[in-house]
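[1] here is a sequence together with a model predicted from it:
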Amino acid sequence: MRGWIGKLGWGLAGLALGVGITVVSSSFAGDPQPPEDSQVLVALGQLMDTEHRRVDLLLDKGDVAGAIAALEELRRGPWPTRKVGGDASIQLRHDAYGRLMRLRLDHPEVDPQTPAKLLSIVEEGLGREAELVPDNVFTARLVAQKGEVLERLKRDDDALTAYERALDINRGLLDDLLGQGSP
Amino acid sequence: MSNADQPKPAANTQESALRGVLDPAWEEALLRGRDEAEGEAAQGSIEPELTALHLLRHLREPEALSMAELDRGWADIDHAIAPAKQRFWQQSWFRWLAPVGAAAAIALVVVRPGADMGGGSAAPAVARADDTQKRMADEAPLPPPAAAAAEAKSASVDEAEIEEELPSTAALLERQFEMLEPAARAKVGASVESERGSMRAALISNARGGGR
């Protein structure tokens, strides 16, 4: 009898531990992270505005190579961490990498890179924070581009997983958008 | 009997005693004597003496075992001392991991749907999202992505079909990005502006504090 009580006690302790771990980990994953240093996010926002306009002008002139070079320069950073720049800084990073990758995927003849190199660029852009930031369209686009690169590497299963992840994010965002529009 | 002869009988006695212990004739005589004296009724009456005799013989001249006999002996010992084989659910680690795993699974089922409760039940949300996908699919001549992709994965469609499917999904995702991008940029821009406002307020506050 005492043995059964002991086993039940250990079982309940394990149950409590499992619930605790799951709740804590899921709460960490979803928490928005404000910037620790406002100046960093403001400076990064201004830099991104300027660079987007510069790339727009270069593309208007038909200078794809110049646009890719400008975004490559931007890619070299430095980029703030999520703690310092908050979630918004990670979204801005994903935006910059996403624009660079779009140009590289659409214009493979300009400054050609191997699919393996492209994959390393995408993964560098996503970083560990991709799983931590709240769902957003910039992260979704970069995840989808990862799927495109994986497809070029003939890793169809991994590509499908990436596409499904991106579609899941966008489905939630579209749902929010339609929810805001409806009365 | 001379003095010179005196130690010799003692030595002979000792020698015969030593030889007596090791001499098989001693044992044969013992067995024969028992049989003659009492027959079947005396069965087992000299067993202690015989055991002691065997022990003394072994102490004097230990019997060596062959390698095969040694191996057989060790195998018997290994078999005798091997712990009882336990099934995986009887192992101690399983008693720990099973409740933890079960709790994690329960928490995932119970906690995660709770996050969606603010927007109503899960089913309408899924239905709305599916409608959105359908509408977008109608706008662009592209197949429905997630369902088609999952089907392609599970039904092991041929490679050519998968290759045809993936670019379409990528194109659909790019269209979704174009649709969602303005709102996302506005949201990020608002975050930056909010931080700019906080920074400006802090700078003004510092400037006023410095002027005093």
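    Thanks, I have it.
[2] so where's chain A uncertain?
    Residues of chain A meeting the criterion pLDDT under 70: A:1-4, A:14-15, A:17-31, A:181-183.
[3] how about 90 then?
    Chain A contains residues with pLDDT under 90 at A:1-46, A:48, A:76-88, A:127-135, A:172-183.
[4] what do you get for chain B?
    B:1-70, B:73, B:78-212.
[5] what's the helix or strand for the closest residue in space to A:Val55 that isn't next to it in sequence?
    Nearest residue to A:Val55, sequence neighbours excluded (Cβ to Cβ, 6 or more residues apart in numbering or on different chains): A:Ala67, at 4.7 Å. Using the backbone N, CA and C atoms, a C-beta is placed for each residue, glycine as well. Assigned by DSSP states H and E, A:Ala67 belongs to helix A:64-75.
[6] what does A:Asp135 give?
    A:Asp135 is part of no helix or strand, with elements assigned from DSSP H and E.
[7] now swap in B:Asp76 and tell me
    Counting by DSSP H and E, B:Asp76 is found in helix B:67-81.
[8] other SSEs contacting the next helix or strand after that helix?
    Per DSSP H and E, the first helix or strand lying C-terminal to helix B:67-81 is helix B:92-115. Applying 3 or more Cβ pairs under 8 Å, 6 or more residues apart in numbering or on different chains; DSSP states H and E, one finds that helix B:92-115 contacts helix A:2-30.
[9] and the residue nearest to A:Val55, what does it touch?
    A:55, A:58-59, A:103 (Cβ atoms under 8 Å, 6 or more residues apart in numbering or on different chains).
[10] how about the helices in chain B?
    For chain B, helices defined by DSSP state H occupy the ranges B:7-22, B:24-37, B:47-60, B:67-81, B:92-115, B:122-139, B:145-154, B:159-211.
[11] can the last one be said to contact chain A?
    Yes. Between helix B:159-211 and chain A, judged by Cβ under 8 Å from any Cβ of the partner chain, the touching residues are B:159, B:162-163, B:166-167, B:169-170, B:173-174, B:176-177, B:179-181, B:183-184, B:188-189, B:191-192, B:195-196, B:198-199, B:202.
[12] please pick the buried ones from the residues you listed.
    B:162, B:166, B:169-170, B:173-174, B:176-177, B:179-180, B:184, B:188, B:191-192, B:195-196, B:198-199 (16 or more other Cβ atoms under 10 Å in any protein chain shown).
[13] could you give the angle of the strand or helix carrying A:Leu47 to helix A:64-75?
    Using DSSP H and E, A:Leu47 sits within helix A:38-60. Here helix A:38-60 points in a direction 170 degrees away from that of helix A:64-75 (axes from the mean of the first three to the mean of the last three Cα atoms, to 10 degrees).
[14] quick one: distance of helix A:38-60 to the chain centre.
    Distance of helix A:38-60 from its chain centroid, counting by Cα atoms, centre = their mean, to the nearest Å, is 19 Å.
[15] pull out the CA atoms of that helix and give them to me as CSV.
    Presented in CSV, the C-alpha positions along helix A:38-60 are these (Å, rounded to 0.1, in the frame of the first residue of the first chain):
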residue,chain,number,x,y,z
SER,A,38,14.9,52.9,-28.1
GLN,A,39,17.7,54.6,-30.0
VAL,A,40,18.7,51.4,-31.6
LEU,A,41,15.3,50.7,-33.0
VAL,A,42,14.8,54.3,-34.2
ALA,A,43,18.2,54.3,-35.9
LEU,A,44,17.5,50.9,-37.5
GLY,A,45,14.1,52.1,-38.7
GLN,A,46,15.6,55.2,-40.3
LEU,A,47,18.4,53.2,-41.9
MET,A,48,15.9,50.7,-43.4
ASP,A,49,13.7,53.6,-44.8
THR,A,50,16.8,55.0,-46.5
GLU,A,51,18.0,51.7,-47.9
HIS,A,52,14.6,50.8,-49.2
ARG,A,53,14.4,54.1,-51.1
ARG,A,54,17.9,53.6,-52.4
VAL,A,55,17.0,50.1,-53.6
ASP,A,56,13.8,51.3,-55.2
LEU,A,57,15.7,54.0,-57.2
LEU,A,58,18.3,51.4,-58.3
LEU,A,59,15.6,49.1,-59.5
ASP,A,60,13.8,51.9,-61.3
